[in-house]
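Student: Sequence first, predicted coordinates after that:
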Amino acid sequence: MINSVTISYETEDIEMRQAYAQTLLKLAKQNRNIIALEADLMSAISTNKLQNQIPGQLINCGIMEANMMGVAAGLSITGKIPFLHTFAQFATRRAYDQLFVSGAYARLNLKILGSDSGVTAEHNGGTHMAFEDLGLMRLVPKAVVYEASDSTMLTYLLKKIAGEYGIHYIRTMRKAAVKLYEPDETFEEGKSKVLREGPDIALMASGIMVAEALKAADLLAEKGIHAAVIDMYSIKPVDHERIVEYARKTGAIVTAENHNAIGGLGSAVAEVLSEQAPVPLRRIGVKEQFGQVGKTEYLKEVYHLTAGDICRAACELMDGKKPI
Amino acid sequence: MRALIEDLEHFRDQIRLKTLQELNHLGFGHYGGSLSIVEALAVLYGEMLNIDPFNPRSEERDYFILSKGHGGPAYYATLALKGFFPEELLYTLNQNGTSLPSHPDRNLTPGVDMTTGSLGQGISAAVGAALSHQLSGRSNRTYCIVGDGELNEGQCWEAFQFAAHHKLNHLTVLVDDNKKQLDGLTKDIIDPIDFAEKFRAFGFYTVRADGSSVREIYTAIQDGKAQHSQPVAIILDTVKGQGVPYLEAKEDNHHIRPNAQDKKAILEAIADLESRLGGEVTV
């Protein structure tokens, strides 16, 4: 376990999309059965540069996500390993029944990358801003659901799922993330990463909200509240043991996600707490709202997804906290 | 050729008989759209498909996907007659815990290549399988039956564009043009206007065939196999309830829960087929 790692909140040199394209290239060269599918968003995720390097392993399906999901299923029944990418709302909301029936219900092998997570869709606005994808994917039986928080994690997870059978969904932003991990870090299914220890309260976050939670911990420290910060990158299965452990250790939990407060990480943590270790909980997430255009930092303010929002929720909980 | 057609007609009768017995045992089901694909199944499984009931997942096999998954009962009758599983299993159709659900499931039934039933999706999987074989330089063929009502689904037309763009010439799509969907006539619900013209416009090598004639279906599939640059569409002129005049004439024949009169006609059709086949129902 990492104890109180020092994180400088610096943006990584490599963008998440570059990490995807570079990793996909390596994987495809190692395994001829890997077939990357795109739905006219190759240049958005940097795979357009791979066209000459992995001919026959990169197919642009055009703007037809439903068919892409079905083609992936057809590739899978013949033993291929399809890696599909499109924006998160197209991968889930738009092609959900195809993903559910042709992919998951048929017990096939699909690796799905949903990009432009939540507010990071920025100027594509409300039509393109998925705050629901984690919730939808959590409802798919046996699907494994991740939210990548930096390029080291994304790279690791892509290599990991390439060798595993089943439906895997990874949610990511496209641009550069805040650097959190050293290159030798490993990430297991159903686990989490403790980035900072603290006895008073636990902040459980995923994706871009991990960095916000770390900043919130700094703000709380100034008030004499020492918060643990945990990267809950495995949304499903969620790290039950860690949730119970920190519920018992700290007695209060705040979740933070760039997603609807219903259905995603906050719900997953609430389900575990209510059944196994009931402690006060606040969920930072989008509340009954649709997306809109704007820069990420602006949208974080609009939807109350900032370090300050996490800090406030934590202080409210601390005020009412009773020992369990 | 003549002997082959006689064999296929014999197999057709066996499939029709088993389908009727299977549905009659259950007491209700998708009679209309199961019976309309019997001839197509007879030609595919009687002659065209390279398959091995003892090695149903062989890499060398041809793939078949029943995109109109509600035709499952006829599909199961065909697979049982080919020896993929014991014929007795047909009498478990849709029973609790069965391996023969209403709509085909690749994980439950030997010989089923793809789980279907949510209309419009099987054709995309067929296209994916055909693409896979093309990318690997393999010669496996992929056949897919789609329903005429199913072609309401936009996803089908996405799949057809994709197949034509990638010149998936080892893909044969058979359209069961039985003129009806659940709520009535296709022309009254979403008028197909002209399937053949549509498929030609979408880049398919397109032929029409009498879907009640195994000879015409056989000839059309062979014709399609002979060309090398396009996927193939065969528009099968069929009727719901095909081969059982009483059921063909019945207006509401998509899903039937037989009344006494229906039941009598179905039992007569079963008796007719049994006598025609001389009590012999294995291949």
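Tutor: Looks like it came in fine. Residues are numbered from 1 along each chain as shown, chains lettered A, B, ... in the order given.

Student: what's the burial count for B:Phe28?
Tutor: B:Phe28 is flanked by 12 other residues according to other Cβ atoms under 10 Å in any protein chain shown. Yep, even glycine has a C-beta here, placed from its N, CA and C like the rest.

Student: Next: A:Glu271.
Tutor: The burial count for A:Glu271: 14, using other Cβ under 10 Å.

Student: Buried residues, the helix or strand hosting it. List them.
Tutor: Counting by DSSP states H and E, the element that carries A:Glu271 is helix A:265-276. Residues A:Leu265, A:Gly266, A:Ser267, A:Ala268, A:Val269, A:Ala270, A:Val272, A:Leu273 are the ones in helix A:265-276 that count as buried (16 or more other Cβ atoms under 10 Å in any protein chain shown).

Student: And it, what does it pack against?
Tutor: The contact analysis (3 or more Cβ pairs under 8 Å, 6 or more residues apart in numbering or on different chains; DSSP states H and E) places helix A:265-276 against helix A:133-138, strand A:201-205, strand A:234-236, helix A:240-250, strand A:253-260, strand A:281-286.

Student: B:Ser118: which of the ones you listed is closest?
Tutor: Closest approach to B:Ser118 among these (Cβ to Cβ): helix A:133-138, 16.2 Å.

Student: List of residues touching the closest one?
Tutor: A:88-89, A:91-93, A:96, A:114, A:117, A:143, A:145, A:147, A:169, A:171, A:235-236, A:257, A:259-260, A:262-265, A:267-268 (Cβ atoms under 8 Å, 6 or more residues apart in numbering or on different chains).

Student: Which among those count as buried?
Tutor: Applying 16+ other Cβ under 10 Å to the contacts of helix A:133-138 flags A:88-89, A:91-92, A:96, A:114, A:117, A:143, A:145, A:147, A:169, A:171, A:235-236, A:257, A:259-260, A:262-265, A:267-268 as buried.

Student: got the angle for the helix holding A:Glu271 vs strand A:201-205?
Tutor: Angle between the axes of helix A:265-276 and strand A:201-205 is 130 degrees (criterion: axes from the mean of the first three to the mean of the last three Cα atoms, to 10 degrees).

Student: can you give me how far helix A:265-276 is from the chain middle?
Tutor: Centroid separation between helix A:265-276 and its chain, computed with Cα atoms, centre = their mean, to the nearest Å, is 17 Å.

Student: ranges for the helices of the stretch 151-283 of chain B?
Tutor: Listed in chain order, the helices found in the stretch 151-283 of chain B under DSSP state H, counting those that start in this stretch are B:154-165, B:186-189, B:195-201, B:214-225, B:245-249, B:260-277.

Student: okay, those, which one's buried deepest?
Tutor: Among the helices of the stretch 151-283 of chain B, helix B:154-165 has the highest mean neighbour count (mean count of other Cβ atoms under 10 Å in any protein chain shown), at a mean of 22.

Student: List every C-alpha atom in it, with coordinates, as PDB.
Tutor: C-alpha atoms of helix B:154-165 as PDB (Å, rounded to 0.1, in the frame of the first residue of the first chain):
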ATOM      1  CA  GLY B 154     -32.100   0.700 -39.000                       C
ATOM      2  CA  GLN B 155     -29.300  -1.500 -37.800                       C
ATOM      3  CA  CYS B 156     -29.800  -3.900 -40.600                       C
ATOM      4  CA  TRP B 157     -29.200  -1.200 -43.100                       C
ATOM      5  CA  GLU B 158     -26.000  -0.100 -41.300                       C
ATOM      6  CA  ALA B 159     -24.900  -3.800 -41.500                       C
ATOM      7  CA  PHE B 160     -25.700  -3.900 -45.200                       C
ATOM      8  CA  GLN B 161     -23.700  -0.700 -46.000                       C
ATOM      9  CA  PHE B 162     -20.800  -2.200 -44.000                       C
ATOM     10  CA  ALA B 163     -20.900  -5.500 -45.800                       C
ATOM     11  CA  ALA B 164     -21.000  -3.900 -49.200                       C
ATOM     12  CA  HIS B 165     -18.200  -1.500 -48.400                       C
END
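
Student: Quick one: check that helix for contact with chain A.
Tutor: Yes. Part of helix B:154-165 sits near chain A under the criterion Cβ under 8 Å from any Cβ of the partner chain, namely B:Gly154, B:Gln155, B:Glu158, B:Ala159, B:Gln161, B:Phe162, B:His165.

Student: try stretch B:109-118
Tutor: Yes. Counting by Cβ under 8 Å from any Cβ, chain A has neighbours in stretch B:109-118: B:Asp113, B:Met114, B:Thr115, B:Gly117, B:Ser118.

Student: Need those in a markdown table (columns: neighbour count and secondary structure).
Tutor: Output for the residues of stretch B:109-118 next to chain A, formatted as a markdown table (neighbours: other Cβ atoms under 10 Å in any protein chain shown; DSSP: H, G, I helix; E, B strand; the rest coil):
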| residue | neighbour count | secondary structure |
| --- | --- | --- |
| B:Asp113 | 26 | coil |
| B:Met114 | 29 | coil |
| B:Thr115 | 28 | coil |
| B:Gly117 | 19 | coil |
| B:Ser118 | 19 | coil |
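
Student: Next, the contact list for the residue positioned nearest the centre of chain A, please.
Tutor: Chain A has A:Glu147 as the residue nearest its centroid, 1.3 Å off, counting by Cα atoms, centre = their mean. Listed by Cβ under 8 Å, 6+ apart, the contact partners of A:Glu147 are A:Ser117, A:Leu134, A:Ile170, A:Arg171, A:Thr172, A:Ser206, A:Gly207, A:Tyr233, A:Ile235, A:Glu257, A:Leu265.

Student: So which residues on the stretch 101-250 of chain A come close to chain B?
Tutor: Residues of the stretch 101-250 of chain A found near chain B (Cβ under 8 Å from any Cβ) are A:Val101, A:Ser102, A:Tyr105, A:Ala106, A:Arg107.

Student: residue boundaries of the helices in chain A?
Tutor: Along chain A, counting by DSSP state H, helices occupy A:16-30, A:42-45, A:65-77, A:88-89, A:96-97, A:133-138, A:151-162, A:209-222, A:240-250, A:265-276, A:296-302, A:307-320.

Student: Okay, now the unreliable bits of the stretch 1-150 of chain A?
Tutor: Along the stretch 1-150 of chain A, the model assigns pLDDT under 70 to residues A:1-6.

Student: just so I have it, where are all the strands in chain B?
Tutor: In chain B, the segments counted as strands under DSSP state E are B:63-66, B:142-147, B:171-177, B:180-181, B:184-185, B:205-210, B:232-237.

Student: The closest residue to B:Leu131 other than its chain neighbours: neighbour count?
Tutor: Distances taken as Cβ to Cβ, 6 or more residues apart in numbering or on different chains put B:His166 closest to B:Leu131, at 5.9 Å, once the chain neighbours are dropped. Neighbours of B:His166 under the rule other Cβ under 10 Å: 18.

Student: surely B:His166 meets B:Gln134?
Tutor: Yes. Using Cβ atoms under 8 Å, B:His166 is in contact with B:Gln134, at 6.8 Å.

Student: and chain B, which of its residues are near chain A?
Tutor: Checking chain B against chain A by Cβ under 8 Å from any Cβ, the hits are B:59, B:63, B:105-107, B:113-115, B:117-118, B:120-133, B:135, B:154-155, B:158-159, B:161-162, B:165.

Student: re the thing from before, TSV for the strands of chain B, including mean neighbour count and distance to B:Glu47?
Tutor: Shown next, in TSV, are these (neighbours: other Cβ atoms under 10 Å in any protein chain shown; distance: least, Cβ to Cβ, whole Å):
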stretch	mean neighbour count	distance to B:Glu47
strand B:63-66	28	13
strand B:142-147	28	12
strand B:171-177	28	13
strand B:180-181	24	28
strand B:184-185	13	32
strand B:205-210	19	15
strand B:232-237	25	15
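
Student: Include mean pLDDT when you put these into TSV, please.
Tutor: Output for those, formatted as TSV (pLDDT from 0 to 100):
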stretch	mean pLDDT
strand B:63-66	98
strand B:142-147	98
strand B:171-177	98
strand B:180-181	96
strand B:184-185	96
strand B:205-210	98
strand B:232-237	98
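
Student: Can you tell me the number of residues neighbouring the residue nearest to B:Leu135 when sequence neighbours are not counted?
Tutor: Nearest residue to B:Leu135, sequence neighbours excluded (Cβ to Cβ, 6+ apart): A:Gly56, at 5.1 Å. Neighbour count for A:Gly56, taken as other Cβ under 10 Å: 12.
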